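Chemist: next one to model:
(4 chains)
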There are 2 protein chains.
Amino acid sequence: MSSVSIKEVAARAGVSPGTVSNVLNRPEKVAESTRSRVEKAIRDLGFVRHGSASSLRAGHSRTVGLSVIDIGNPFFTDVAAGVEEVASERGYAVILGNSSGDRLKEERNLLVFAEQRVRGVLITPAGGNLAKLDQLRERGINVVLVDHPAERADQCSVAVNDITGGSLAVSHLLAAGAGRIAYVTGPLTIRQCADRLTGAERALAAAGRDPGQALEEVAMSAMNARSGQQAAEKLIAEGRLPDAVFCANDLLALGMLRGLLHAGVRVPQDVLLIGYDDIDFASASAVSLTSIRQPTHRLGRVATELLLDECDNPESHAHQQVMFQPELIVRESTH
Amino acid sequence: MSSVSIKEVAARAGVSPGTVSNVLNRPEKVAESTRSRVEKAIRDLGFVRHGSASSLRAGHSRTVGLSVIDIGNPFFTDVAAGVEEVASERGYAVILGNSSGDRLKEERNLLVFAEQRVRGVLITPAGGNLAKLDQLRERGINVVLVDHPAERADQCSVAVNDITGGSLAVSHLLAAGAGRIAYVTGPLTIRQCADRLTGAERALAAAGRDPGQALEEVAMSAMNARSGQQAAEKLIAEGRLPDAVFCANDLLALGMLRGLLHAGVRVPQDVLLIGYDDIDFASASAVSLTSIRQPTHRLGRVATELLLDECDNPESHAHQQVMFQPELIVRESTH
DNA sequence: TATGCTGGTCGAAACGTTTTAGTCAAAAGC
DNA sequence: GCTTTTGACTAAAACGTTTCGACCAGCATA
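Modeler: Numbering: from 1, shown residues only, chains lettered A, B, ... in the order given. A predicted model of the protein is given here:
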């Protein structure tokens, strides 16, 4: 109820409001003695700066918006944790938006961000709203793309090379002796899924195989464990079990694993299995899962650092399109 | 850059700023013809209300703070998804804070929330900061406790009965023929862990067993899969494998499962296993996991509804301490 | 002694809304 | 036909900061 304002602090410390503001924002500008007097008044009165008033006058807030595709996916959760970490270190608050892959929902999130006059936006675009993002930029809100390489050079982005990832996975399967490989994926309209496929095909070509022969695509509509299990059942029912299965994410792979084991197919003896993302649960499954690790947490951290750098040093800031490299983590499922 | 204000909209529509504000906030108060004229001006100019200015003057923002203990835990993720859903429906933005179980970090989050003058706070307390929460309330910021029953009647809380949950788990194990049961848990200073133990003991007592005899506690410092596996290794090494294992959460249970299978112990033939939370991965593990389901998503939704009701209808609002009941989900691991 | 600096502080004008009291014309009540 | 009421709108005062020019004392320079 009783919100103490900067004026009351000023009165108690016997200075002007402007001086209190200086203590808050540029302590070095005010004399030691008055500073400590003001600080005491702040403590005594339990003063807390009014963020809205502050950002109204200052022209910018200390918040960033984060829009993710699926807060339930450990991949995004890890990213979010990294974002929150950096933002918190720098005194920024994170406004969370979950687009659920829905373009309209994502648009609503962006509107909320715009209303809050966030300092910047971190977004894994669900698709279709790239023009909206440019509008945000025109409004002076910086945008960093997360897990999505920027097409243009005038913006920052942070991503992981999915083509390399796909190659890593398939090369490993080939080295382990696989002949026919199934690629279990989500919709190929999802960039990540498509890129991983490209990588897989390149690895096959590099090994002298014909991708059209050696690789079978199994596209599911969702990318969760249920879909993975359905894919397993399908492969088994149709009697065309491959030597190895490459799943576009770990949730699919875990479902696949369960489906295979359930039908008495042994992993890795009968079928090799590799996932993608290396979520925590990948190592905890009954047959621990070989996977492609992405620096998820790092992704979130770097994206946020880039964003805040762009905010705090607008003229010295150089846009960067950071591309991380994925890493193969070998475990029981291909061993 | 070019932020259009309400004044410019007013000028273009040939009305006063106050009228534009009315169109925004109480459209029914303004005549049809002017309203549509103003709305057109808003669209033409791409006006977006300045949240800070709005909340400065109005005295309250349209944001809520959410402080969770571990954003990496699917339990909290599901809660957060529910929160985000309701908040978004009602036009509120969610400010996310991750306390990592750290009291200082939690305190920092609360400070950020206070600065942002959030309308309310949703928090799963990490411990020790309950006085700080009262301070928030004095400042007029409503607080709803999440997964933590309120001790006093003057506040809202949403929780799930962990005693019942513990009883459900152990009753089920007893019915399945278990004699000696191990309870693998995190620190018993965590309320949830302690309550689940209490429930377990009650179930034993109700079945005429002596809890001191039939139940062995194995307390680990962390509640993740790694700890679960360590617990399994410990039980096996010491040669005191029980008939059944009750884990205080699914992460522990998944680790336990892996540890047992790895050592050639069959689940459920040799040892029955039950977890807690029923996270998605529980059903996707190689031996699907019997677990205690909590209405996680619901928890988040109801907590947010309660909070926003308290904010929007301060006088008619009745504080509620909602207690949900957990549910036993039987799967292969006890079958 | 006059002049220019400098470090420290002050006062007041913003920032973009919301809200309250007030204006004014037209409709309604008697 | 006069007052009241109503409906639609306006003008201006807040809300709590930040920032900018002004100010002033003290000190060094000339």
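Chemist: nearest to chain B within the stretch 101-250 of chain A, name that residue for me.
Modeler: The minimum distance from the stretch 101-250 of chain A to chain B, using Cβ to the nearest Cβ, falls at residue A:225 (3.8 Å). C-beta: built from backbone N, CA, C; applies to glycine.
Chemist: need the three-state assignment for the residue in chain A that chain B sits nearest to.
Modeler: Residue of chain A nearest chain B, by Cβ to the nearest Cβ: residue A:286 (3.0 Å). On the three-state scheme (DSSP: H, G, I helix; E, B strand; the rest coil), residue A:286 is labelled coil.
Chemist: give me the neighbour count for it.
Modeler: Residues lying near residue A:286 (other Cβ atoms under 10 Å in any protein chain shown) number 22.
Chemist: which residue packs closest to it, ignoring adjacent ones?
Modeler: If the residues on either side of it in the chain are set aside, residue A:286 comes closest to residue B:286, at 3.0 Å by Cβ to Cβ, 6 or more residues apart in numbering or on different chains.
Chemist: residue A:3 too?
Modeler: residue B:139 (6.8 Å).
Chemist: nearest residue to residue A:185 other than its sequence neighbours?
Modeler: Nearest residue to residue A:185, sequence neighbours excluded (Cβ to Cβ, 6+ apart): residue A:248, at 4.0 Å.
Chemist: rewinding a little: distance check, the residue nearest to residue A:286 against residue B:276.
Modeler: 19 Å (Cβ to Cβ, to the nearest Å).
Chemist: do the same with residue A:39
Modeler: Distance from residue A:39 to residue B:276, counting by Cβ to Cβ: 47 Å.
Chemist: more neighbours: the two, which one.
Modeler: residue B:276 (31 against 16).
Chemist: where's residue A:265, which helix or strand?
Modeler: Residue A:265 belongs to no helix or strand when assigned by DSSP states H and E.
Chemist: strands of chain A, start to end?
Modeler: For chain A, the strands defined by DSSP state E cover A:63-68, A:93-98, A:120-123, A:142-146, A:156-160, A:181-185, A:215-219, A:244-247, A:272-274, A:291-293, A:321-324, A:327-329.
Chemist: tell me which of those sits most buried.
Modeler: Comparing the strands of chain A by mean neighbour count (mean count of other Cβ atoms under 10 Å in any protein chain shown), strand A:244-247 comes out on top with a mean of 30.
Chemist: so what does that strand touch, helix or strand wise?
Modeler: helix A:162-175, strand A:181-185, helix A:250-262, strand A:272-274 (3 or more Cβ pairs under 8 Å, 6 or more residues apart in numbering or on different chains; DSSP states H and E).
Chemist: now these in JSON lines, with mean pLDDT?
Modeler: Compiled in JSON lines, the helices and strands packed on strand A:244-247 are given as follows (pLDDT from 0 to 100):
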{"stretch": "helix A:162-175", "mean pLDDT": "98"}
{"stretch": "strand A:181-185", "mean pLDDT": "97"}
{"stretch": "helix A:250-262", "mean pLDDT": "92"}
{"stretch": "strand A:272-274", "mean pLDDT": "98"}
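Chemist: can you report how many residues neighbour residue A:284?
Modeler: 26.
Chemist: who's in contact with residue A:247?
Modeler: A:184-185, A:228, A:253, A:256, A:273-276 (Cβ atoms under 8 Å, 6 or more residues apart in numbering or on different chains).
Chemist: residue A:70 touches residue A:100, doesn't it?
Modeler: Yes - counting by Cβ atoms under 8 Å, residue A:100 is a contact partner of residue A:70 at 6.5 Å.
Chemist: circling back: for the contacts of residue A:247, work out which two are farthest apart.
Modeler: Distances among the contacts of residue A:247 were taken as Cβ to Cβ; the most separated pair is A:185 and A:273, at 14.3 Å.
Chemist: hang on, the earlier thing: which among the contacts of residue A:247 gets closest to residue A:51?
Modeler: residue A:276 (40.1 Å).
Chemist: residues contacting residue A:121?
Modeler: A:64-67, A:110, A:113, A:133, A:136, A:141-144, A:307.
Chemist: mind checking how far residue A:246 is from residue A:213?
Modeler: On the measure of Cβ to Cβ, residue A:246 and residue A:213 end up 16 Å apart.
Chemist: do the same with residue A:201
Modeler: From residue A:201 over to residue A:213 (counting by Cβ to Cβ), the distance is 11 Å.
Chemist: same question, residue A:278
Modeler: In terms of Cβ to Cβ, residue A:278 sits 29 Å off from residue A:213.
Chemist: a markdown table for the helices and strands packed on strand A:244-247, including distance to residue A:149?
Modeler: Shown next, in a markdown table, are the helices and strands packed on strand A:244-247 (distance: least, Cβ to Cβ, whole Å):
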| stretch | distance to residue A:149 |
| --- | --- |
| helix A:162-175 | 9 |
| strand A:181-185 | 19 |
| helix A:250-262 | 22 |
| strand A:272-274 | 23 |
